[in-house]
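Peer 1: I'll drop the sequence and a predicted model, then ask my questions.
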Amino acid sequence: MNREWYKDTAFYQIWPRSFKDGNGDGIGDLWGVYEKLEYIRSLGVGGIWFSPLYVSPNADFGYDISDYCAINPEYGDLEIFDKVLQKAHALGLKVVMDLVINHTSIEHEWFQKSRRGIEPYTDYYIWRAAKPGGGKPNNWQGIFESECWRWDDVAGKYYLHLFSSGQPDLNMDNPLVRAEVERIMRFWLDRGVDGFREDVITFISKTEGLPDDGFVIGLRGMKFYESGPRIHEYLQQYRRILEQYPDRFVVGEAPMMTPRKALEFVAGDKRDLDMMFHFQHMEADCFLIEYLRMPFNLRKLKRAFSNWQKALSGKGWNALYLENHDHPRIISRYGSEKYRVQSGKMLACALLFQQGTPFLYQGQEIGMTNIALPKIEDYADCVAQDVYKRCKRMHLPDKAAMALIRPATRDSSRTPVQWSAEANGGFTKGKPWFYVNQNYPEINVAAAEADPDSLLHFYRKLLRFRAGNDVIRNGSYHEYEKHSGRLYVYTREYNGQGILVVCSFTEKPAEFRLPKRLQGKAMTLEFSNYPVTDGPEFTARPYEARVYTYETRKRAKK
Ligand code: NOJ
């Protein structure tokens with residue numbers, strides 16, 4: 001068996017609520033997934049990552065779990081899950097589950113017992129008494145809400161919730177909690193799943209004493225739980241469970257991660273994680289989070305790409321992504337809705353020739369774009385709701401609050417997948433649980449299937465080209481035009497073969513000249529998003545991308 005199969009695999013992420021409704025209740029579900037497995041396979045991916053399918057009151061759409069070992073009835077049950085799993089495997093698709101263990105839902109039985117002091121659950125969460133005078137236990141800030149402590153009348157104490165107040169943090173220092181995690185992992189591994197995506201996994205170990213923080217740029221308190229003191233010990237414990245099953249893999253979500261620190265997690269045989277989702281390349285148009293918007297800065301994006309490519313080369317492995325359920329659509333951010341298909345193809349080229357395992361997010365392959373709805377009540381995400389409340393506390397007028405929320409909200413990536421030009425984009429025959437982007441008559445899977453020039457077919461070709469390509473898998477990475485604010489240019493080279501990727505991130509013309517060492521070489525055009533008659537030196541059109549292959553060695557004379 002190939003233990004490193006994930007290096008030759010691309011994944012497709014499903015956010016189940018909006019993928020495909022199979023039973024007509026307006027909510028995406030596993031019956032819908034079952035129908036679409038052939039489609040997913042046809043993209044050329046070899047695996048699926050499911051965002052949480054478990055029972056949840058949906059304070060954070062599944063990232064607040066009330067039962068880890070059952071399927072949310074809105075999405076199906078274990079029977080249909082097993083069918084999906086079996087069919088996926090038969091099609092050659094691995095299946096990876098989301099493992100959300102930093103926190104549970106407040107509705108989880110553990111929390112309900114914990115707050116009532118029922119053993120052994122009392123110490124399952126992070127409870128603290130009020131400070132003398134009734135103050136919060138420390139001065140940390142919340143990630144989703146301004147506060148991260150919530151007073152609980154039943155317990156007569158505060159509980160810690162780094163995310164929403166419906167998501168109390170588990171006390172990972174308690175060996176009983178870790179035993180529960182092991183049990184959950186086994187439950188799914190025994191069912192046959194191929195691994196996990198571990199949610200905010202680098203936050204699970206908190207510094208003892210939960211000390212007050214000083215002045216920081218960023219979030220107060222984060223340094224006391226980001227890659228906390230016992231993180232490697234805990235991850236190793238979970239890794240050992242995984243190792244008892246052949247060929248299983250784990251990708252960890254790691255906000256605030258830097259490439260150097262990442263090596264402590266992903267390098268070597270004894271690694272905690274096979275790869276990580278870091279956020280640095282998602283910050284090219286904002287400061288840390290999308291709500292703190294800044295103008296798009298290509299140099300920042302390139303720095304993130306290149307730093308990760310170089311730091312992990314030969315030591316670790318990258319997870320490559322541009323979209324998931326936590327970020328607005330990438331064409332609306334780093335590309336252009338006006339040049340939707342061109343910029344979508346360009347972004348695909350910018351990412352997919354890098355070393356790592358690509359993760360495509362549902363709808364990305366057809367170039368879905370952001371939404372802009374009139375009122376806060378139209379939005380569903382708890383973060384958007386919370387940002388709105390904060391704006392109101394700061395007396396910001398509605399117009400300003402909505403202008404902040406619209407381009408930043410996670411809701412933009414959570415609209416139903418647009419399958420066809422039929423009502424509701426073919427997502428459901430019922431009433432969709434959430435707004436369907438009204439551009440569905442134009443942007444949908446059926447239309448993309450029918451158009452040989454579509455982004456969908458482009459992704460398929462790229463993924464086909466990638467499969468088994470040693471240069472992409474193993475090659476060196478070198479960036480050119482580093483200081484350009486318009487072009488992202490890199491080469492990959494391995495064993496006599498080279499790939500040159502040229503991507504323009506602007507509407508404006510951008511001059512491309514071959515790097516000296518490539519001049520005079522025979523360059524073969526493999527991919528482009530416009531008809532090409534010139535090159536390999538050219539003036540790039542809006543969001544133009546070209547990919548050339550070449551031989552790195554001079555051919556020996558016969
Ligand atoms: C990261 C998940 O991707 C996000 O959707 C969720 O809200 C937070 N973790 C909290 O679980």
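Peer 2: That came through, no problem.

Peer 1: where does whatever residue of the chain ends up closest to the ligand sit: helix, strand or coil?
Peer 2: Of all residues in the chain, residue 63 sits closest to the ligand, at 3.5 Å by CB to the nearest ligand atom. For glycine as for every other residue, the C-beta is placed from the backbone atoms N, C-alpha and C. Three-state call for residue 63 (DSSP: H, G, I helix; E, B strand; the rest coil): coil.

Peer 1: equivalent analysis for residue 412, please.
Peer 2: The assignment at residue 412 comes out as helix when based on three-state DSSP.

Peer 1: give the contact list for it.
Peer 2: By CB atoms under 8 Å, 6 or more residues apart in numbering, the residues touching residue 412 are 328, 329, 332, 369, 370, 371.

Peer 1: can we see that at 7 Å?
Peer 2: By CB atoms under 7 Å, 6 or more residues apart in numbering, the residues touching residue 412 are 328, 329, 370, 371.

Peer 1: and what of residue 540?
Peer 2: 487, 504, 509, 510, 512.

Peer 1: buried only: go through those residues for me.
Peer 2: The neighbour count (16 or more other CB atoms under 10 Å) marks 487, 504, 510, 512 as buried among these.

Peer 1: and the residues you listed, which two are furthest apart?
Peer 2: By the measure CB to CB, 504 and 512 form the most distant pair in the buried ones among the contacts of residue 540, at 8.0 Å.

Peer 1: shared neighbours of those two, which are they?
Peer 2: In contact with both residue 504 and residue 512: 487, 540, using CB under 7 Å, 6+ apart.

Peer 1: now do stretch 134-149: distance from first to last residue.
Peer 2: 12 Å (CA to CA, to the nearest Å).

Peer 1: rounded mean pLDDT for it, please.
Peer 2: Averaged across stretch 134-149, pLDDT comes to 95.

Peer 1: check stretch 366-385 too.
Peer 2: The predicted model assigns stretch 366-385 a mean pLDDT of 98.

Peer 1: would you mind measuring from residue 185 to residue 241?
Peer 2: Between residue 185 and residue 241 the distance, using CB to CB, to the nearest Å, works out to 5 Å.

Peer 1: who has more neighbours, these two?
Peer 2: Ranked by neighbour count (other CB atoms under 10 Å), residue 185 and residue 241 place residue 185 first, with 25 against 18.

Peer 1: can you list contacts of whichever strand or helix holds the more buried one?
Peer 2: Element membership of residue 185, judged by DSSP states H and E, is helix 175-191. Helix 175-191 is contacted from outside by 68-69, 82, 85, 97, 99, 101, 120, 124, 170-172, 234, 237-238, 241, 245, 248, using CB under 7 Å, 6+ apart.

Peer 1: and the residues you listed, which of them are in helices?
Peer 2: Counted as lying in helices by DSSP state H, out of the contacts of helix 175-191, are 82, 85, 234, 237, 238, 241.

Peer 1: for the stretch 151-300 of the chain, what lies in contact range of the ligand?
Peer 2: Within the stretch 151-300 of the chain, the residues that sit near the ligand (CB under 6 Å from any ligand atom) are 163, 199, 200, 253.

Peer 1: dump those to TSV, plus neighbour count and pLDDT.
Peer 2: Shown next, in TSV, are those (neighbours: other CB atoms under 10 Å; pLDDT from 0 to 100):
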residue	neighbour count	pLDDT
163	25	98
199	21	98
200	22	98
253	24	98
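
Peer 1: which member of these is positioned nearest residue 434?
Peer 2: Nearest to residue 434, judged by CB to CB, of these is residue 163 at 20.6 Å.

Peer 1: so the closest one makes contact with residue 141?
Peer 2: No: counting by CB atoms under 7 Å, residue 141 is not a contact partner of residue 163; they are 12.0 Å apart.

Peer 1: show me how to select, in ChimeraX, the buried members of the contacts of residue 412.
Peer 2: What follows is the ChimeraX syntax for the buried subset of the contacts of residue 412, where burial is set by 16+ other CB under 10 Å:
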select :328,329,370,371
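
Peer 1: how about the contacts of residue 412 in TSV, adding distance to the ligand and secondary structure?
Peer 2: Listed next are these as TSV, based on distance: CB to the nearest ligand atom, whole Å; DSSP: H, G, I helix; E, B strand; the rest coil:
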residue	distance to the ligand	secondary structure
328	13	coil
329	16	coil
370	17	coil
371	18	coil
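
Peer 1: which one of the contacts of residue 412 sits closest to residue 524?
Peer 2: Among these, residue 329 lies closest to residue 524 (CB to CB), at 32.3 Å.

Peer 1: residues in contact with the closest one?
Peer 2: Here residue 329 is in contact with 323, 368, 369, 370, 412, 413 (CB under 7 Å, 6+ apart).

Peer 1: cutoff 10 Å now
Peer 2: Contacts for residue 329 (CB atoms under 10 Å, 6 or more residues apart in numbering) come out as 322-323, 335, 337, 344, 361, 363-364, 367-371, 412-413, 415, 437.

Peer 1: give me the subset of these that lies in strands.
Peer 2: Among these, the ones falling in strands (DSSP state E) are residue 361.

Peer 1: which among the contacts of residue 329 count as buried?
Peer 2: Applying 16+ other CB under 10 Å to those, the neighbour count classes 322-323, 335, 344, 361, 363-364, 367-371, 412-413, 415, 437 as buried.

Peer 1: nearest to residue 20 among those residues?
Peer 2: For the buried ones among the contacts of residue 329, the nearest to residue 20 is residue 363 (11.3 Å; CB to CB).

Peer 1: name all residues that make contact with the spatially most central residue of the chain.
Peer 2: For the chain, residue 324 is the residue whose C-alpha lies nearest the centre (CA atoms, centre = their mean; 4.0 Å). Contacts for residue 324 (CB under 10 Å, 6+ apart) come out as 13, 15, 49, 51, 197, 253, 277, 282, 359-362, 364, 410, 413.

Peer 1: how much space between it and residue 415?
Peer 2: Per CB to CB, residue 324 is found 14 Å from residue 415.

Peer 1: and residue 151, by the same measure?
Peer 2: Relative to residue 415, and taking CB to CB, residue 151 is found at 36 Å.

Peer 1: in three-state terms, how would residue 154 be classified?
Peer 2: Criterion first, three-state DSSP; result for residue 154: coil.

Peer 1: follow-up on the earlier one: what is in contact with residue 185 and residue 241 at once?
Peer 2: With CB under 10 Å, 6+ apart as the test, residue 185 and residue 241 both reach 196, 248, 250.

Peer 1: of the residues you listed, which is the most crowded?
Peer 2: Highest neighbour count within the shared contacts of residue 185 and residue 241: residue 196, with 27 neighbours (other CB under 10 Å).

Peer 1: surely that residue is in a strand?
Peer 2: Yes: judged by three-state DSSP, residue 196 forms part of a strand.

Peer 1: so residue 194 touches residue 48, yeah?
Peer 2: Yes: counting by CB atoms under 10 Å, residue 48 is a contact partner of residue 194 at 9.3 Å.

Peer 1: quickly list what's touching both of these two.
Peer 2: Common contacts of residue 194 and residue 48 (CB under 10 Å, 6+ apart): 85, 88, 93, 94, 95, 96, 97.

Peer 1: need the residues you listed in a markdown table with neighbour count and pLDDT, can you?
Peer 2: A markdown table is the format used below for the shared contacts of residue 194 and residue 48 (neighbours: other CB under 10 Å; pLDDT from 0 to 100):
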| residue | neighbour count | pLDDT |
| --- | --- | --- |
| 85 | 21 | 98 |
| 88 | 22 | 98 |
| 93 | 21 | 98 |
| 94 | 21 | 98 |
| 95 | 22 | 98 |
| 96 | 23 | 98 |
| 97 | 26 | 98 |
